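A.B. asks: next come a sequence and a model predicted from it.
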Amino acid sequence: MARALHRAFSAVVALLLLASGVPNAKPVPDLAARTLPGGSAVLPLELFHGNSTRRPISAVRRHLQGHPTANAHMRLYDDLLTNGYYTTKLWIGTPPQKFALIVDSGSTVTYVPCSTCERCGHHQDPRFQPDESSTYEPVKCNTACTCDKDKQQCTYERQYAEMSSSSGVLGKDVMSFGDESALRPQRAVFGCENVETGDLFSQHADGIMGLGRGPLSIMDQLVEKGVISDSFSLCYGGMDIGGGAMVLGGISPLPDMVFSRSDPVRSPYYNIELKELRVSGKSLGLNPKVFDSKHGTVLDSGTTYAYLPEEAFVALRDAITSKLHTLKQIRGPDPNYHDICFSGAGNDVSQLSKTFPEVEMVFGNGQKLQLSPENYLFRHSKVHGAYCLGIFQNGKDPTTLLGGIIVRNTLVTYDRQNQKIGFWKTNCSQLWEGLQSHGAPLPAPLPAPSVSDNHTSNGGLSPGPSPSGLQYYTLPGQFQVGRITFDMSLNVSYLDLVPHIKQLTELIGHELEVDVHQVHLVNFTSKGNTTWLKWGIFPEGSADIFSNTTALGIISRLEGHFRLPVNYGTYQLGDWKVEPPLRRTWLQQHLWAVILGISAVVLLGFATLLVWYFWRHKTGAMTPYRPLGAPVPEQELQPL
């Protein structure tokens with residue numbers, strides 16, 4: 001199994017096409033719903049081997065409409081580090097077809113392999129059969145999406161880190177959340193895959209369930225229909241135990257839940273306001289700004305480990321290491337990585353707090369989240385009783401990224417409606433049973449279950465490079481970016497926009513931090529009071545390609561804080577992608593050399609001609625010498 005079990009902070013290229021509204025659909029009768037505590041809908045999550053490398057596309061926020069009456073409760077299985085990702089069972093179509101989907105708070109689209117897939121891997125379940133579903137409808141081609149070659153159906157295309165990709169068509173059908181869910185089946189838009197590559201091709205799970213912010217997110221669609229409140233919760237099991245639950249929709253208030261503000265404008269990802277880290281009650285003395293650079297502090301269910309800016313990582317590593325006098329530092333399980341590991345702590349997870357220090361995260365409102373050792377350690381896969389730090393330096397990227405390891409045995413509530421994220425310590429492996437007890441409240445916080453010494457774990461895998469920030473859009477070394485294009489729609493006619501094109505070009509250059517001469521309007525279309533523009537960002541000067549760092553910086557700014565002044569009215573950024581440099585002929589590649597050579601030859605010829613001309617003129621003007629009295633040829637007199 002590959003080392004990188006985290007999601008790359010989504011991907012190199014991501015093209016997500018918006019679809020039209022989804023009409024209401026009748027529920028599927030053979031998946032009966034029953035009432036659960038809190039009126040929630042729950043889906044079971046299952047964990048399978050493989051890597052998860054996804055990235056969010058949009059930060060569009062939808063507001064709650066109507067009065068939701070039910071939530072979806074879903075079970076989680078297995079262990080995050082052992083298997084690489086959690087999945088949930090989701091049923092699509094009439095009659096229902098079952099799929100195991102990776103639960104990802106960083107993705108915004110839900111998709112499954114389609115029966116028409118030309119290149120899809122062998123996954124857990126059969127491919128989706130649109131022809132066998134009486135409620136399936138293709139999303140018809142419209143101005144808000146990219147269409148297939150026949151101009152009949154909307155398409156989507158996603159490319160992720162390491163260039164894995166998924167592409168296909170968009171469809172609408174009934175989605176069912178299981179017979180343990182109080183949420184009735186709902187009609188929603190999803191992707192029907194026709195091609196998948198890379199990790200997506202080889203993974204055991206069928207597809208992705210996107211929980212991020214965006215119009216195609218399953219959360220946004222359910223909230224817009226008014227069937228759930230704008231909130232969801234995840235609860236990952238502890239070290240070696242796994243299990244847990246997910247809730248789509250709100251849950252009953254928990255009086256001792258710790259909250260942090262989550263600003264949807266600050267970042268397209270789910271972020272928190274981390275201000276301070278403490279080890280054994282002592283502050284690391286870091287400037288709070290260290291946790292607020294780039295995308296800030298991001299919480300990501302699809303990432304396995306935690307990644308800190310260099311300054312914070314060094315301080316935390318040194319503070320933890322200084323408390324471990326009784327342990328021996330050893331090499332990590334993989335010689336290719338310099339993991340920080342210690343032996344001699346024993347195999348009982350419940351006893352780790354006697355050896356390893358407690359870490360505290362302090363939020364902007366002063367509330368604190370305590371991290372036990374299982375929230376920052378993973379087992380050494382080759383040495384019994386040894387553990388390694390599951391927190392790593394985030395390269396040169398200043399973003400702080402907190403993956404699933406940080407929230408083991410912690411119920412995490414993404415309260416999008418109130419722009420905050422809550423944390424509540426509990427035993428997530430036993431949470432599902434509490435949710436299934438009719439009328440019973442959520443279970444009280446429980447200690448982490450102990451693990452016997454004879455337990456064997458293959459979860460001691462340490463990560464590859466950091467997935468966040470610029471690393472989030474990791475480009476393979478052999479991939480060269482020749483230009484970056486993106487779409488933009490403005491609610492203004494093109495004739496009204498023409499006088500402002502130069503100013504708009506300058507604004508785009510300023511927002512993307514590139515020279516204005518690198519920004520070009522590639523093409524445009526206009527209809528009524530709406531104009532669609534396609535912009536291209538080209539390398540600086542005479543360069544053919546961007547450096548990976550420059551390209552990733554532009555992508556990051558496109559995904560993050562791109563803003564236009566209010567006088568441009570309503571606008572929306574659409575698809576963006578990176579393109580390789582154009583293949584050029586020998587003459588195109590050496591055009592300047594040829595021009596210079598020809599110019600040199602022309603100048604040399606012209607100079608030679610001038611020299612010859614003046615020499616000839618000079619010699620022709622000289623009168624030859626004749627001795628006195630020498631005969632002279634007679635000259636004919638010219639007529640008057």
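C.D. replies: Yep, it's here. Quick caveat: nothing in here was measured; it's all calculated off a predicted structure.

A.B. asks: average pLDDT across the biggest helix by length in the chain?
C.D. replies: Taking DSSP state H as the criterion, the chain has its longest helix at helix 591-621. For helix 591-621, mean pLDDT rounds to 80.

A.B. asks: chain center to it: distance?
C.D. replies: With C-alpha atoms, centre = their mean, to the nearest Å as the basis, helix 591-621 stands 61 Å off its chain's centre.

A.B. asks: so which elements touch the one helix or strand residue 234 maps to?
C.D. replies: Element membership of residue 234 [criterion: DSSP states H and E] is strand 231-236. In this structure, strand 231-236 packs against strand 72-76, strand 244-248, strand 410-415, with contacts taken as 3 or more C-beta pairs under 8 Å, 6 or more residues apart in numbering; DSSP states H and E. (Glycine included, C-beta is placed from N, CA and C.)

A.B. asks: between the ones you listed, which gets nearest to residue 502?
C.D. replies: strand 410-415 (42.2 Å; C-beta to C-beta).

A.B. asks: and the next element down the chain from the closest one?
C.D. replies: strand 420-425.

A.B. asks: tell me the angle that next one makes with strand 410-415.
C.D. replies: Orientation check (axes from the mean of the first three to the mean of the last three C-alpha atoms, to 10 degrees): strand 420-425 against strand 410-415 gives 160 degrees.

A.B. asks: and strand 420-425, which strands flank it?
C.D. replies: strand 258-261 (antiparallel), strand 410-415 (antiparallel) (DSSP bridges).

A.B. asks: using PDB, list the CA coordinates for it.
C.D. replies: Provided in PDB are the C-alpha atoms of strand 420-425 (Å, rounded to 0.1, in the frame of the first residue of the first chain):
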ATOM      1  CA  LYS A 420     -18.200  27.100  13.600                       C
ATOM      2  CA  ILE A 421     -16.700  23.700  14.200                       C
ATOM      3  CA  GLY A 422     -17.200  21.800  17.500                       C
ATOM      4  CA  PHE A 423     -15.100  19.100  19.100                       C
ATOM      5  CA  TRP A 424     -16.400  16.600  21.700                       C
ATOM      6  CA  LYS A 425     -14.200  13.800  23.200                       C
END
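
A.B. asks: what residues of the host helix or strand of residue 531 count as buried?
C.D. replies: In this assignment (DSSP H and E), residue 531 forms part of strand 530-537. For strand 530-537, a neighbour-count test (16 or more other C-beta atoms under 10 Å) marks 531-537 as buried.

A.B. asks: so how far is residue 330 from residue 418?
C.D. replies: Separation of residue 418 from residue 330 (C-beta to C-beta, to the nearest Å): 45 Å.

A.B. asks: ignore the last one, residue 410
C.D. replies: 29 Å.

A.B. asks: so the two - more neighbours on which side?
C.D. replies: residue 410 (25 against 17; other C-beta atoms under 10 Å).

A.B. asks: and the buried residues of strand 530-537, which is closest to residue 362?
C.D. replies: For the buried residues of strand 530-537, the nearest to residue 362 is residue 537 (39.6 Å; C-beta to C-beta).

A.B. asks: show me what contacts the closest residue to the closest one other than its chain neighbours?
C.D. replies: Leaving aside its chain neighbours, residue 537 sits nearest to residue 484 (4.4 Å; criterion: C-beta to C-beta, 6 or more residues apart in numbering). If you count contacts by C-beta atoms under 8 Å, 6 or more residues apart in numbering, residue 484 has them with 536-537, 546, 551, 554-555, 558, 576-579.

A.B. asks: is it true that residue 484 lies in a helix?
C.D. replies: No. Residue 484 is assigned strand when assessed by DSSP: H, G, I helix; E, B strand; the rest coil, not a helix.

A.B. asks: now the element after the strand holding residue 531, going C-ward?
C.D. replies: helix 548-559.

A.B. asks: got the phi/psi numbers for residue 499?
C.D. replies: Reported as degrees, to the nearest 10, the phi and psi values for residue 499 are phi -60, psi -20.

A.B. asks: and the closest residue to residue 190 other than its chain neighbours, what pLDDT?
C.D. replies: Take residue 190 and drop its neighbours on the chain: the residue closest to it by C-beta to C-beta, 6+ apart is residue 110, 4.7 Å away. Residue 110 carries a pLDDT value of 94.

A.B. asks: how many neighbouring residues does residue 110 have?
C.D. replies: Residue 110 has 25 nearby residues by other C-beta under 10 Å.

A.B. asks: one more: residue 598?
C.D. replies: The burial count for residue 598: 10, using other C-beta under 10 Å.

A.B. asks: cool, residue 353 as well?
C.D. replies: By other C-beta under 10 Å, neighbour count at residue 353 equals 14.

A.B. asks: circling back to that earlier point, quickly list what the residue nearest to residue 537 is bridged to.
C.D. replies: residue 537, residue 578.

A.B. asks: go ahead and confirm residue 171 touches residue 129.
C.D. replies: No. In this structure residue 171 lies outside contact range of residue 129 using C-beta atoms under 8 Å: 11.7 Å.

A.B. asks: from residue 90, how far off is the residue nearest to residue 190?
C.D. replies: For residue 110, the distance to residue 90 (C-beta to C-beta) stands at 8 Å.

A.B. asks: okay, and the common contacts of these two?
C.D. replies: 101, 209.

A.B. asks: can you count the residues close to residue 542?
C.D. replies: The burial count for residue 542: 6, using other C-beta under 10 Å.

A.B. asks: with residue 329 instead?
C.D. replies: 11.

A.B. asks: all strands of the stretch 301-450 of the chain, in order?
C.D. replies: Along the stretch 301-450 of the chain, counting by DSSP state E, counting those that start in this stretch, strands occupy 306-308, 328-330, 341-343, 359-363, 368-371, 377-379, 387-389, 391-393, 400-402, 410-415, 420-425.

A.B. asks: of all the ones you listed, which lies closest to residue 314?
C.D. replies: Of those, nearest to residue 314 by C-beta to C-beta is strand 391-393, at 7.5 Å.

A.B. asks: given that closest one, what are its sheet partners and their directions?
C.D. replies: strand 306-308 (parallel).

A.B. asks: now do the partner strand: everything it contacts.
C.D. replies: For strand 306-308, the surrounding residues in contact (C-beta under 8 Å, 6+ apart) are 316, 376, 390-394, 399-403, 405-406, 466-468.
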